[in-house]
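*Asks:* below: sequence and its predicted model.
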2 protein chains.
Amino acid sequence: MARPLLWMVDGLRSNMRGSGSSPTPRVVVIGAGFGGLAAVRGLKHARLDVTLIDRRNHHLFQPLLYQVATAALSPADIAAPIRAILRRQRNVRVMLGDVIGVDRVERRVHLASGAQVEYDWLIVATGATHSYFGRDDWAGHAPGIKSIEDATAVRRKILLALERAETEGDKRRRDALLTFVVIGGGPTGVEMAGAIAELAHRSVNDEFRSITPHCSKVILVNLAPRLLEGFPQELSESARRDLVRLGVEVRNSTAVEDLGPDWVIAGGQRIATHTMIWAAGVKASSAADWLQCSADRIGRVFVDKFLHPAGDQRIFVLGDTAHFHDSDGAILPGIAPVAKQQGAHSARMIMAVCSGRSEKPFWYRHYGSLATIGRNHAVADLGWLRVRGILAWLIWSTVHVYFLANFRNRLLVGLNLAWNYLTFGRHARLIVGDIALHESPHPYPVTGD
Amino acid sequence: MARPLLWMVDGLRSNMRGSGSSPTPRVVVIGAGFGGLAAVRGLKHARLDVTLIDRRNHHLFQPLLYQVATAALSPADIAAPIRAILRRQRNVRVMLGDVIGVDRVERRVHLASGAQVEYDWLIVATGATHSYFGRDDWAGHAPGIKSIEDATAVRRKILLALERAETEGDKRRRDALLTFVVIGGGPTGVEMAGAIAELAHRSVNDEFRSITPHCSKVILVNLAPRLLEGFPQELSESARRDLVRLGVEVRNSTAVEDLGPDWVIAGGQRIATHTMIWAAGVKASSAADWLQCSADRIGRVFVDKFLHPAGDQRIFVLGDTAHFHDSDGAILPGIAPVAKQQGAHSARMIMAVCSGRSEKPFWYRHYGSLATIGRNHAVADLGWLRVRGILAWLIWSTVHVYFLANFRNRLLVGLNLAWNYLTFGRHARLIVGDIALHESPHPYPVTGD
């Protein structure tokens, strides 16, 4: 029965506003990522009832997820409970829930639990997930990194591979265990490749007795002719040099033809490996299905210059879920600053319309692009300034720490970055869970007889 | 083929000692908890080959595990990779492996992978697990906290219960979701009950809109007539008062008769609850089976005053796995200081025997007992001194931070303790994973019609 839930919400509202006044407009925000959170915060002082729905109870700082995957940070260092972030914002209620549909006529959001939430305005900021270009069977062998579970699963794979290699007597099997393949040459792929190389080559320097840092091989497979295609040529080249110096084998202009549990065929060559990480493609969340709106081939909802889909002025679609053309005709990329600016814009527009003013189109302001390679190198393209090396890394660190959700995260990540810089240590190296439960499909028994 | 593995180890040894000298004695330690790690560290300067085997890749500081379960700490704050801890000890090799048996005649340890490891001396320090007094069907409904997976699973249970209660329209179901039952009145039970009470009553004060701190009920069910039976009467009473002040309902002299997925019958009364935590009984690991030695009714191996089982002078059994009588005839409890002292003793005895000296019996020195209640109260029994309240909590904090495995953990836990003290915050409040995958058996749909 939806009525109990709506009754509770209505009851809450009448408590909040007293009797006899006009109904408070209701804004529902789906997704507590960068876009959704920026929208909610933008409505902080508005006389509105805001409901924020997410499938998770925490806001995740995705740009640093690769550090969880390579055991440099703990999950809680880059995630903050949504309720804690919004504790002081009295006009918002947070709901943990799974959205399964939107009724645009009745203006209701449907949840998996059966509950329904009514809206006057709806903001959809549900992000993106991995795309395997039609080969979804690859997902089990080459996971991506978009959530904490993804990151800790990859971490586990990497660490278990090293542990197994330590006691593996057969050289071919050992080499396969110590071969790590990252697929994708954008910032995520570059960051992962650099971090794995450091983990496998340096952090474990003293700690293993059989395997040595030189036993491991990290291969970065990139379809494009150069890494970081969105960056200027010189910074791409700088990133490539830094990766090679870390011991990464960079294969540009190389396509993945097929892959299986312990092999990948890239550029016509078969590589034996137990750890493949996917950083090569994304597709939008299911928002287009919920809204019954037109979308591009990776599922992003087409929106106009006001961020509305299909002319529905009560709905905003933001961030990675949206297909938005800027004035040059370019599609805005799926990066955090885009989502944040769109979230803030949506909030301002809702308040404007409530006050009787008209909407303005969204205009994105690009401040720069950053990508890090290893623990102390980066490339930064700030438009008027291009920086590389350690200076770029300092900028990268400062920006990332600054934009974390709360002080505690900033403190912990700041400490960790400093610590890892000084010690090479990757101290969040936990393999959680029973090792037998996750035995590779090709165990390597060393039997006695 | 065990031969490749043994060959690798032998090869390593000949590299280490050159040719022509007598074989270096081999010590195998099973378990990298307090006992095993103390033993390995005690052999730091010995001319021995030490192999440390554990099912996990990390050493876990168990006394603070309840803080992971109540979202005050992250797993990596209290765990450290074993290889990192022992990085500088050149005579030890670390193996991730699952022991399945010991051949005392051939002096070999058998692993699940099929590998075999030979020993001249064997130290078994494999700890304990939960016991449900024959009712193993209770384990699924009332988990205990002995590993990181246990702790994060309990954390998830508690946080999901609060989230579900927030949107639950039916009062009876909501009350059941907000009822938390801890079973067991020893230090673990007391610490868990206090921490859950703080989480449910205070940390979530501002963050939920429907449920309030007063909605939650925490019940501590204790079979014994008083809490903390091993402590002096006055400190038991102090702990009880502190718990009551935190809002915990303490039921002493109360037995659990039966329990199910969402109910427990204790002291003849049925309690509707979704979160039950077991802190009431332990049993030893499978060591007695491996060693084919006699054991007590909870599986602890009987050892003599030299820590040897069944007169086998090549084997030491330590810690929670061992049944050891001190000079008063009392069985040593399963606490960290016992395991540590026994581990250090075993190491000294091995070195003594290698040098031609004779063994000495083990003698335990008890420094005191500590238990904490909530974020700033504790009880401390130091024999000559009994302390309670905030002063005891400062002692507890200092001791626990001091005994953490490495500086990084000490820094993080120290910061967290200070932070939680000041802010009531429990910031490691992550629910990881798909909420739908772990739907309770009695979902509470709020359906629309």
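*Replies:* That came through fine. Numbering: from 1, shown residues only, chains lettered A, B, ... in the order given.

*Asks:* could you look up the SS state of the closest residue to chain B within the stretch 101-250 of chain A?
*Replies:* With C-beta to the nearest C-beta as the measure, residue A:169 is the residue of the stretch 101-250 of chain A nearest to chain B, at 3.0 Å. C-betas here are computed from N, CA, C, even on glycine. Taking DSSP: H, G, I helix; E, B strand; the rest coil as the rule, one finds residue A:169 in the coil state.

*Asks:* so how many other residues sit close to residue A:194?
*Replies:* For residue A:194, the count of nearby residues is 29 (other C-beta atoms under 10 Å in any protein chain shown).

*Asks:* list the contacts of the helix or strand harbouring it.
*Replies:* For residue A:194, the enclosing helix or strand under DSSP states H and E is helix A:187-198. Contact with helix A:187-198 is made by A:66-67, A:69-70, A:72, A:145, A:158, A:180, A:182-183, A:216, A:218, A:220, A:222, A:227-228, A:239, A:242-243, A:246-248, A:250, A:277, A:279-280, A:369-375, A:377, A:424, A:426, as judged by C-beta atoms under 8 Å, 6 or more residues apart in numbering or on different chains.

*Asks:* one more time with 6 Å, if that's ok
*Replies:* A:66, A:70, A:180, A:182, A:218, A:220, A:227, A:239, A:243, A:246-248, A:277, A:279, A:371-375 (C-beta atoms under 6 Å, 6 or more residues apart in numbering or on different chains).

*Asks:* got it, and stretch A:343-353?
*Replies:* A:35, A:38-39, A:42-43, A:46, A:121, A:123, A:316, A:318, A:359, A:362.

*Asks:* tell me how many other residues crowd the nearest residue to residue A:368 once chain neighbours are set aside.
*Replies:* Closest residue to residue A:368 in three dimensions, ignoring its sequence neighbours and counting by C-beta to C-beta, 6 or more residues apart in numbering or on different chains: residue A:382, at 3.8 Å. Neighbourhood size, residue A:382 [other C-beta under 10 Å]: 14.

*Asks:* now do residue A:382 against chain B, distance only.
*Replies:* Noted for residue A:382: a distance of 33 Å to chain B, by C-beta to the nearest C-beta, to the nearest Å.

*Asks:* again with residue A:411
*Replies:* 7 Å.

*Asks:* now do residue A:90
*Replies:* Relative to chain B, and taking C-beta to the nearest C-beta, residue A:90 is found at 9 Å.

*Asks:* checking my notes, that residue in a helix, right?
*Replies:* No - according to three-state DSSP, residue A:90 belongs to no helix; its state is coil.

*Asks:* quick check: phi and psi at it.
*Replies:* Per-residue torsions, residue A:90: phi -70, psi -20 (degrees, to the nearest 10).

*Asks:* ok, residue A:357 next?
*Replies:* Dihedral angles (degrees, to the nearest 10) for residue A:357: phi -90, psi 170.

*Asks:* do the same with residue A:329
*Replies:* phi 90, psi 0.

*Asks:* residues near it, how many?
*Replies:* 6.

*Asks:* separation between it and residue B:109?
*Replies:* For residue A:329, the distance to residue B:109 equals 68 Å [C-beta to C-beta, to the nearest Å].

*Asks:* residue A:26 too?
*Replies:* 65 Å.

*Asks:* repeat for residue A:294
*Replies:* Counting by C-beta to C-beta - residue A:294 and residue B:109 are separated by 64 Å.

*Asks:* higher neighbour count, those two?
*Replies:* Between residue A:294 and residue B:109, counted using other C-beta under 10 Å, the more crowded position is residue B:109 (23 against 11).

*Asks:* helix, strand or coil for residue A:342?
*Replies:* Classified using three-state DSSP, residue A:342 is helix.

*Asks:* neighbours of the residue lying closest to it once chain neighbours are set aside, how many?
*Replies:* Excluding the flanking residues, the one nearest residue A:342 by C-beta to C-beta, 6+ apart is residue A:318, at 4.1 Å. Number of residues near residue A:318 (other C-beta under 10 Å) recorded here: 34.

*Asks:* show me chain A divided up by domain.
*Replies:* Residue ranges for the domains of chain A, per automatic domain parsing: A:10-55+A:97-130+A:282-354, A:136-280+A:368-434.

*Asks:* quick one: mean pLDDT for the first one?
*Replies:* This points to domain A:10-55+A:97-130+A:282-354. For domain A:10-55+A:97-130+A:282-354, mean pLDDT is 90.

*Asks:* now stretch A:252-265 - C-alpha only, PDB.
*Replies:* Taking C-alpha atoms only, stretch A:252-265 is exported to PDB below (Å, rounded to 0.1, in the frame of the first residue of the first chain):
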ATOM      1  CA  ASN A 252      48.200   1.700 -28.500                       C
ATOM      2  CA  SER A 253      46.000   1.100 -31.600                       C
ATOM      3  CA  THR A 254      45.300  -2.300 -30.300                       C
ATOM      4  CA  ALA A 255      41.800  -3.800 -30.200                       C
ATOM      5  CA  VAL A 256      40.600  -6.600 -27.900                       C
ATOM      6  CA  GLU A 257      39.200  -9.300 -30.100                       C
ATOM      7  CA  ASP A 258      38.200 -11.800 -27.400                       C
ATOM      8  CA  LEU A 259      38.900 -12.700 -23.900                       C
ATOM      9  CA  GLY A 260      38.300 -15.600 -21.500                       C
ATOM     10  CA  PRO A 261      38.900 -16.600 -17.900                       C
ATOM     11  CA  ASP A 262      42.700 -16.600 -18.200                       C
ATOM     12  CA  TRP A 263      43.500 -15.200 -21.600                       C
ATOM     13  CA  VAL A 264      42.900 -12.200 -23.900                       C
ATOM     14  CA  ILE A 265      43.500 -11.800 -27.600                       C
END
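
*Asks:* give me the buried positions along it.
*Replies:* For stretch A:252-265, a neighbour-count test (16 or more other C-beta atoms under 10 Å in any protein chain shown) marks A:252, A:254, A:256, A:259, A:262-264 as buried.

*Asks:* closest to chain B among these?
*Replies:* residue A:262 (17.2 Å).

*Asks:* and the stretch 51-200 of chain A, which residues reach chain B?
*Replies:* A:57-58, A:74-76, A:79, A:81, A:83, A:87, A:93, A:96, A:98, A:113-116, A:148-149, A:163, A:169 (C-beta under 6 Å from any C-beta of the partner chain).
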